[in-house]
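1. How does the following fold in three dimensions:
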Amino acid sequence: MRSRFHALAMALCVVSAFAGAEETDPLRTRLAQRLDEIREVNRFVPERALPMLQALEAEGRAAPLAQRIDFLNQLATARHGLGHHPQTFVLANELIALGREHDHTGALAKGMLLLAYSASAQHRPGEAHRLVWDAEKLAATTDDLDLRVRATISSGESYAEEGNLPKALERLQAAAALAREHGGPVHIVMALNSLARLYTSMREPEKGFDVLDEALAAAAKADSPGRMATIKNAEYGLAIDTGQHARALRALQEGLALERKIGAHKRIVYSLVNLSDFYLKMQEYRRAASYAEQALEAARPLNNRRLTTTANLNLGQAYLGLGRTEEGKRHIEIGLAGYEELGDKPELQNALVEYGAALERTGELASALHAYHRERRISNELFEKRRQQAMLDLQEKYETDKKQRQIELLRSENLIKSTELDNRRLQQRVWWLLAVVLALVAVIVGSLYRKVRQANARLHEKNRELKQQSVRDPLTGLYNRRHFLEYMRDLPAPSSSLDEQVGALFLLDVDHFKHINDTYGHAAGDTVLTTISASLQEILRETDMIVRWGGEEFLAFLPAASRNSLDELAERILTGIANTRIVHGGASLSVQVSIGYSPFPLAVGRQVLEWERAVNLVDMALYLAKSHGRNRAYGVRGFADADGVSLDEIEQNLEQAWRAGQVELSVVMGEREALRVASA
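-> From the prediction side, this is the model:
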């Protein structure tokens with residue numbers, strides 16, 4: 001696995017040599033000079049900076065306000081860099097209290113940013129992002145250029161973490177413009193480094209490389225090995241994602257040399273982990289194991305669980321590749337336990353996907369199946385969590401719009417009441433003004449009524465757009481998983497599965513998709529997914545529901561199909577997709593898929609299975625297709641006599657149940673031989 005600095009952790013590294021620029025005394029004090037000297041060390045080697053700062057603590061706390069703020073900020077930064085979260089929290093709040101006491105906006109913003117970085121490191125992204133955005137508003141009112149650049153970069157990184165890439169791009173471009181106009185080369189490197197990483201996430205490598213060239217030139221002017229090392233890490237990310245393996249390796253090696261030059265131990269471990277990941281991609285397992293062992297050894301003194309976790313995972317995969325199966329599994333299980341302890345389920349899911357693929361390559365199919373089940377459970381948990389969050393976001397937006405409408409109506413009512421009161425007071429004095437007042441009221445009420453109607457119309461249109469977005473996958477335009485789940489929950493429970501005319505479920509997975517991403521880049525992977533979605537829409541009928549199930553998986557629900565036609569349909573899908581040419585970047589690619597399928601409804605004896613269990617069996621059939629060679633389809637046709645069938649056993653190991661005669665399967669082979677094999 002590739003090791004990455006967390007986005008907001010990267011933003012913390014932007015503390016520049018100009019952070020104490022508000023000191024205006026031309027005769028620099030000894031403390032100010034020492035803080036300037038320590039600042040460069042603190043950026044990249046906090047374990048060396050902390051003792052220096054502790055030696056200055058009495059002097060720093062008694063210093064004039066500007067230097068006291070600078071000292072506390074650097075001390076908190078060093079603590080955070082070493083993972084000392086309780087001490088970081090105390091120091092950040094001390095900065096905030098100092099800012100409130102002296103009405104110093106810069107101190108407030110710096111304290112809030114440090115709280116945000118600490119919250120992010122402890123996996124509380126929502127809290128971290130809110131703190132960053134509040135700090136950005138405060139920083140914008142100051143003359144502290146370094147603080148403004150840093151807060152704007154952190155804001156962009158926060159939007160990127162939330163998936164709002166357009167807003168992230170806008171903030172990071174603003175940070176780059178501010179740095180170019182008012183800052184020096186260090187500020188430019190800070191902003192462009194984050195911008196290059198964002199372009200990597202946005203799958204726009206050409207723009208990323210353009211930004212990288214400017215950043216490299218600025219880093220050379222800054223004469224900072226640490227800054228140059230961060231740019232080399234960004235170059236590695238862009239190069240590896242675009243298949244430029246030689247450039248990626250060169251960038252990693254150059255960055256590692258710079259990190260060793262300045263003794264940046266934590267960054268050295270990151271680079272060693274990335275080198276092991278690089279050689280895993282190249283299937284050079286001996287070198288991958290060597291770098292993973294070095295990373296693990298170097299990470300132990302740092303007491304950094306995330307680094308040791310990732311190093312263990314890479315070492316385990318390398319050992320599996322070398323045939324040292326038991327050692328490999330032991331290290332991977334240590335790594336998986338680490339991610340569970342950290343509570344990082346997205347990374348745990350990615351690790352299980354890679355673990356299952358590695359086990360499959362070594363022939364450990366039973367263990368691979370177990371890893372597959374664990375990954376599916378986490379995938380479902382994450383999906384449900386995202387679904388609930390999306391519903392909360394939609395509800396919050398609806399409530400906000402509803403409150404706005406109520407405010408408009410309330411204003412209208414208050415205005416009417418005020419006008420009526422004035423009218424009663426004036427009746428006895430100026431009768432001739434009555435007509436004018438009534439006309440004015442009518443105009444105002446009519447105007448407000450039109451505004452309310454327009455607001456309601458806009459809200460209705462916005463709700464319609466949100467509903468459309470909530471049911472469609474943004475990349476392929478297919479229905480998303482959430483829409484399918486809601487549709488199936490509302491579908492009447494099936495009462496029989498014995499008719500010739502039934503429905504059907506088909507679950508497809510693109511073969512070797514990770515290899516496509518690693519070799520040709522993620523943009524090529526996106527092209528593959530959109531091309532396959534278009535092919536499925538041509539092969540299937542308009543009445544069939546096609547769903548982007550997740551990642552490289554697609555699900556098709558056929559509400560009506562002939563039971564005897566399912567094998568033929570599976571063959572058509574295999575052949576149709578295999579014969580589709582996919583053009584990307586001047587290269588012509590072809591891909592194949594593996595399929596699991598079954599009629600729907602599906603029954604064991606008289607017991608008709610819930611749709612969730614039917615999908616789970618189709619998922620198991622898909623796994624059989626992949627583990628038995630890919631480019632084929634396995635279909636669940638039915639079950640043996642209900643008295644001799646254990647559905648729980650079937651769901652645990654479909655292949656074993658098939659061999660034991662508990663379940664009937666069809667096997668449809670891909671490519672041109674398209675051989676159907678009778679069920680066991």
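2. Output the contacting helices and strands for the host helix or strand of Leu574.
-> Using DSSP states H and E, Leu574 falls within helix 566-578. In this structure, helix 566-578 makes packing contacts with strand 501-510, helix 522-539, strand 593-600, strand 632-639, strand 663-669, judged by 3 or more C-beta pairs under 8 Å, 6 or more residues apart in numbering; DSSP states H and E. For every residue, glycine as well, the C-beta is placed using N, CA and C.
3. Show me where the stretch 251-400 of the chain dips below the pLDDT cut-off.
-> Across the stretch 251-400 of the chain, the ranges flagged by pLDDT under 70 are 381-400.
4. how about Cys578, what does it touch?
-> Small correction: residue 578 is Ala, not Cys. Ser590, Val591, Gln592, Val593, Asn631, Gly670, Glu671 (C-beta atoms under 8 Å, 6 or more residues apart in numbering).
5. Strands along the stretch 301-450 of the chain, start to end?
-> In the stretch 301-450 of the chain, no strands are defined using DSSP state E, counting those that start in this stretch.
6. Against His123, how distant is the residue sitting nearest the centre point of the chain?
-> Nearest to the centroid of the C-alpha atoms of the chain, with distances taken as C-alpha atoms, centre = their mean, sits Glu161, at 6.4 Å. Distance, Glu161 to His123, using C-beta to C-beta, to the nearest Å: 12 Å.
7. likewise Pro64?
-> The gap separating Pro64 from His123 is 38 Å, by C-beta to C-beta.
8. One more: Gln652?
-> Gln652 is 33 Å from His123, by C-beta to C-beta.
9. list the contacts for Glu542?
-> With C-beta under 8 Å, 6+ apart as the criterion, no residue contacts Glu542.
10. secondary structure class for it?
-> coil (DSSP: H, G, I helix; E, B strand; the rest coil).
11. that older thread, just put the contacts of Ala578 in CSV and tack on pLDDT, neighbour count and distance to Phe557.
-> Supplementary listing: the contacts of Ala578 in CSV, determined by pLDDT from 0 to 100; neighbours: other C-beta atoms under 10 Å; distance: C-beta to C-beta, whole Å:
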residue, pLDDT, neighbour count, distance to Phe557
Ser590, 88, 11, 27
Val591, 92, 19, 23
Gln592, 93, 16, 22
Val593, 94, 28, 17
Asn631, 92, 19, 23
Gly670, 84, 25, 22
Glu671, 72, 13, 26
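12. Let me know how buried Glu40 is, in neighbour terms.
-> Glu40: 19 surrounding residues under other C-beta atoms under 10 Å.
13. hang on, the earlier thing: now the helices and strands packed on helix 566-578 as JSON lines including distance to Ile582?
-> Below are these laid out as JSON lines (distance: least, C-beta to C-beta, whole Å):
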{"stretch": "strand 501-510", "distance to Ile582": "11"}
{"stretch": "helix 522-539", "distance to Ile582": "5"}
{"stretch": "strand 593-600", "distance to Ile582": "13"}
{"stretch": "strand 632-639", "distance to Ile582": "20"}
{"stretch": "strand 663-669", "distance to Ile582": "22"}
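14. Single out the most deeply packed of the ones you listed.
-> Compared across these, strand 593-600 shows the largest average neighbour count, a mean of 26 (mean count of other C-beta atoms under 10 Å).
15. So for the next helix or strand after it, mean pLDDT?
-> Note on strand 593-600: by DSSP H and E, the next helix or strand toward the C-terminus is strand 603-604. Averaging pLDDT along strand 603-604 gives 80.
16. try stretch 520-539
-> 88.
17. what's the answer for stretch 170-186, then?
-> Stretch 170-186 comes out at a mean pLDDT of 90.
18. quick one: that stretch to chain centroid distance?
-> Relative to the chain's own centre, stretch 170-186 is displaced by 25 Å; criterion: C-alpha atoms, centre = their mean, to the nearest Å.
19. Would you indicate which residues of that stretch are buried?
-> Residues of stretch 170-186 classed as buried: Arg171, Leu172, Gln173, Ala174, Ala175, Ala176, Leu178, Ala179, Gly183, Gly184, Pro185, Val186 (neighbour count, 16 or more other C-beta atoms under 10 Å).
20. Contacts only, for Leu647.
-> Counting by C-beta under 8 Å, 6+ apart, Leu647 makes contact with Val604, Leu609, Arg613.
21. how near is Phe557 to Leu624?
-> For Phe557, the distance to Leu624 - C-beta to C-beta - is 21 Å.
22. What of Ser535?
-> Separation of Ser535 from Leu624 (C-beta to C-beta): 23 Å.
23. now the helices for the stretch 201-350 of the chain?
-> Using DSSP state H, counting those that start in this stretch, the helices of the stretch 201-350 of the chain run over 205-222, 225-241, 245-262, 265-281, 285-299, 305-321, 325-342, 345-361.
24. Figure out which of the ones you listed is closest to Ala109.
-> Within the helices of the stretch 201-350 of the chain, the stretch nearest Ala109 is helix 225-241; the backing value is 23.1 Å (C-beta to C-beta).
25. Average pLDDT for that closest one, rounded please.
-> Mean pLDDT, helix 225-241: 87.
26. Specify the angle between that helix and helix 522-539 in degrees.
-> Helix 225-241 and helix 522-539 are oriented at 30 degrees to each other (axes from the mean of the first three to the mean of the last three C-alpha atoms, to 10 degrees).
27. Which elements pack onto helix 225-241?
-> If you count contacts as 3+ C-beta pairs under 8 Å, 6+ apart, helix 225-241 packs onto helix 30-44, helix 185-201, helix 205-222, helix 245-262, helix 265-281.
28. got CSV for those helices, with distance to Glu333 too?
-> CSV is the format used below for the helices and strands packed on helix 225-241 (distance: least, C-beta to C-beta, whole Å):
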stretch, distance to Glu333
helix 30-44, 33
helix 185-201, 30
helix 205-222, 35
helix 245-262, 27
helix 265-281, 18
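29. And these: which comes nearest Glu347?
-> Minimum separation from Glu347 across these (C-beta to C-beta) falls at helix 265-281, 12.9 Å.
30. which strands and helices sit next to that closest one?
-> Under the contact criterion of 3+ C-beta pairs under 8 Å, 6+ apart, helix 265-281 touches helix 225-241, helix 245-262, helix 285-299, helix 305-321.
31. then that helix to CSV, C-alphas only?
-> Provided in CSV are the C-alpha atoms of helix 265-281 (Å, rounded to 0.1, in the frame of the first residue of the first chain):
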residue,chain,number,x,y,z
HIS,A,265,13.0,10.4,10.1
LYS,A,266,9.2,10.3,9.8
ARG,A,267,9.4,11.3,6.1
ILE,A,268,12.1,8.8,5.5
VAL,A,269,9.8,6.0,6.7
TYR,A,270,7.0,7.3,4.4
SER,A,271,9.4,7.1,1.4
LEU,A,272,10.6,3.6,2.4
VAL,A,273,7.0,2.5,2.5
ASN,A,274,6.3,4.0,-0.9
LEU,A,275,9.4,2.3,-2.3
SER,A,276,8.1,-1.1,-1.0
ASP,A,277,4.7,-0.3,-2.6
PHE,A,278,6.4,0.6,-5.9
TYR,A,279,8.2,-2.7,-6.1
LEU,A,280,5.1,-4.6,-5.1
LYS,A,281,3.4,-3.0,-8.2
